[in-house]
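1. Below are the sequence and a predicted model; questions follow.
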Amino acid sequence: MRERGGTLGVFCTTNAATIGCIFLLKAEGAAIGPDVGVIGYDDSDWMLLSQPTISAVRTDPELIGRRAAKMLLDLLAGRAVAESAQAPVQLIVRESSLLRDNSSGGGGRAF
């Protein structure tokens, strides 16, 4: 990451990746949020306790589980099953994705 150049941010798909990314960026001297944005996935409670607080994609694991179970039961019963399914998500913007905006003389912008 020493040569991160134009990297605006990182999207992490697991809690372990999010935590590892934050540790790596901090070890390299980057300020999470102002220098490099970090967005995690699943909006775990710990993301509110982190400094800075971590932006995340919030999902509905119960809904995803119900849909997956129905697809599996339909498949086992010999019924046609869609190849994919969608579930709603929500982006929760917190401090970790508010980049410093040097081009406009101050303020911030979301990564």
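-> Yes, it's here.
2. in the chain, which spans are helices?
-> For the chain, helices defined by DSSP state H occupy the ranges 15-27, 46-49, 61-76.
3. Run through who's touching the longest one.
-> Meaning helix 61-76. Contacting residues not belonging to helix 61-76 are listed as 42, 80, 81, 82, 85, 87, 88 [Cβ atoms under 8 Å, 6 or more residues apart in numbering]. Glycine gets a C-beta too; all of them are placed from N, C-alpha and C.
4. again, only this time at 10 Å
-> 42, 60, 79, 80, 81, 82, 83, 84, 85, 86, 87, 88 (Cβ atoms under 10 Å, 6 or more residues apart in numbering).
5. try stretch 11-27
-> Here stretch 11-27 makes contact (Cβ under 10 Å, 6+ apart) with 1, 4, 7, 9-10, 30-32, 35-42, 44, 46-47, 50-52, 54-57, 96-97, 111.
6. For residue 49, list the residues it contacts.
-> Not one residue lies near residue 49 by Cβ under 10 Å, 6+ apart.
7. before we move on, what about the one 4 residues further on?
-> For residue 53, the residues meeting the contact criterion (Cβ under 10 Å, 6+ apart) are 32, 33, 47, 92, 93, 94, 95, 96, 97, 98.
8. Could you export those residues as CSV, including pLDDT and distance to residue 73?
-> Below are those laid out as CSV (pLDDT from 0 to 100; distance: Cβ to Cβ, whole Å):
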residue, pLDDT, distance to residue 73
32, 94, 43
33, 92, 44
47, 95, 33
92, 96, 32
93, 96, 37
94, 96, 38
95, 95, 42
96, 95, 39
97, 93, 39
98, 89, 44
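9. Could you work out the most separated pair of the residues you listed?
-> 32 and 92 (15.6 Å; Cβ to Cβ).
10. Looking at these two, which is more packed in?
-> Neighbours per residue, other Cβ atoms under 10 Å: of residue 32 and residue 92, the larger number sits with residue 32, 23 against 17.
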